[in-house]
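1. okay, predicted coordinates and the sequence, questions at the end:
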Amino acid sequence: MDAPATLTSGRRRPRVRTYSIARYHPGQPAFDLEICLHEQDGPAAPGTAWALAAQPGDQVAFLDEGYRYQPAAGTEWQLLIGDESALPAILAILADSTDALPTEVFLEVPTDEDIRHDVSTSAQITIHWLPRSNSAETTVKPGSLALQASKNARLPQGPFYTWAAGEAALVTGIRRHLVGERGVDRSAISFRGYWRHGRAAL
Ligand SMILES: Cc1cc2nc3c(=O)[nH]c(=O)nc-3n(C[C@H](O)[C@H](O)[C@H](O)COP(=O)(O)OP(=O)(O)OC[C@H]3O[C@@H](n4cnc5c(N)ncnc54)[C@H](O)[C@@H]3O)c2cc1C
């Protein structure tokens, strides 16, 4: 059956992938994306392939999904958790809130080389970098180090806001842990699966 005239058929529909705006360039029609060049299924994954081949002057279309980072009034500190796909978003949150809330960050990355030594932080911000390459295990499922480290962490006292993003099992696992074992109110947690291990985005 043909698609209705107002819809684009599956074969002609453009591939869509979601990325965070890492940095705006005020006064210019420009912003930066930081895209993981993962090769789980070879370099042909549409987002990875696009990032590898992108040239100045290429055309893209984009839709703004909005902003999900929303600590409530009364929040005394915040917990940010993610893997490399959430690194741009977490660094953007930190850049926008340098003098704001005390912050604990658990950020898992593929290797030591992915640690961002140039991140300017205040004394209020502690970043726990978790490179998978440092793990004693030969294969580490992405997200598992950040999940384990967050679960084991001694967290500060007081009402806090959690923002978690990355591999789906990481974010669902951390939410389950915070709600079930630390008694955190669901409304104080923003979480989003950014990708699913072994499964391509639609
Ligand atoms: C709101 C939001 C913001 C995001 N921001 C960013 C961002 O700033 N930078 C960024 O790099 N990603 C970001 N992501 C994640 C990104 O959209 C996904 O990783 C996406 O699936 C990549 O598309 P792809 O075509 O490269 O791979 P797909 O075609 O989706 O997947 C192909 C294979 O690669 C695996 N795969 C997908 N993503 C990853 C990954 N990150 N690491 C390892 N293996 C993977 C899949 O499991 C699958 O086996 C964001 C996602 C959301 C929802």
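-> Thanks, I have it. What you are looking at is a predicted structure, and each value in this text was computed from that prediction instead of being measured.

2. surely Val140 touches Arg132?
-> Yes - the criterion here is Cβ atoms under 8 Å, and Val140 meets it with Arg132 at 4.5 Å. Placement of C-beta: from N, CA and C, glycine included.

3. buried residues, stretch 57-77. List them.
-> Using 16 or more other Cβ atoms under 10 Å as the test for burial, stretch 57-77 gives Tyr69, Pro71, Thr75, Trp77.

4. let me know the secondary structure of the residue nearest to Pro46 when sequence neighbours are not counted.
-> Distances taken as Cβ to Cβ, 6 or more residues apart in numbering place Arg15 nearest to Pro46, at 4.1 Å, with adjacent residues excluded. Following DSSP: H, G, I helix; E, B strand; the rest coil, we place Arg15 in the coil state.

5. from Gly47, how far out is Glu65?
-> Counting by Cβ to Cβ, to the nearest Å, the gap from Glu65 to Gly47 is 15 Å.

6. same check on Leu178?
-> 29 Å.

7. related to what we said a few turns ago, need the buried residues of stretch 57-77 in a markdown table (columns: secondary structure, pLDDT and distance to Gly193).
-> Shown next, in a markdown table, are the buried residues of stretch 57-77 (DSSP: H, G, I helix; E, B strand; the rest coil; pLDDT from 0 to 100; distance: Cβ to Cβ, whole Å):
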| residue | secondary structure | pLDDT | distance to Gly193 |
| --- | --- | --- | --- |
| Tyr69 | coil | 92 | 16 |
| Pro71 | coil | 93 | 21 |
| Thr75 | coil | 94 | 23 |
| Trp77 | strand | 96 | 24 |
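
8. any chance of the residues you listed in CSV with distance to Ala149 as columns?
-> CSV is the format used below for the buried residues of stretch 57-77 (distance: Cβ to Cβ, whole Å):
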residue, distance to Ala149
Tyr69, 21
Pro71, 22
Thr75, 22
Trp77, 17
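
9. quick check, nearest of those to the ligand?
-> Closest approach to the ligand among those (Cβ to the nearest ligand atom): Tyr69, at 11.0 Å.

10. what's the closest one in contact with, if anything?
-> Applying Cβ atoms under 8 Å, 6 or more residues apart in numbering, we find Tyr69 in contact with Ala89, Ile93, Trp163, Ser190.

11. which ChimeraX command selects the buried ones in those?
-> In ChimeraX, this line selects whichever of the contacts of Tyr69 come out buried by 16+ other Cβ under 10 Å:
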select :89,93,163,190
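
12. looking at the contacts of Tyr69, which are in helices?
-> If you go by DSSP state H, the contacts of Tyr69 have Ala89, Ile93 in helices.
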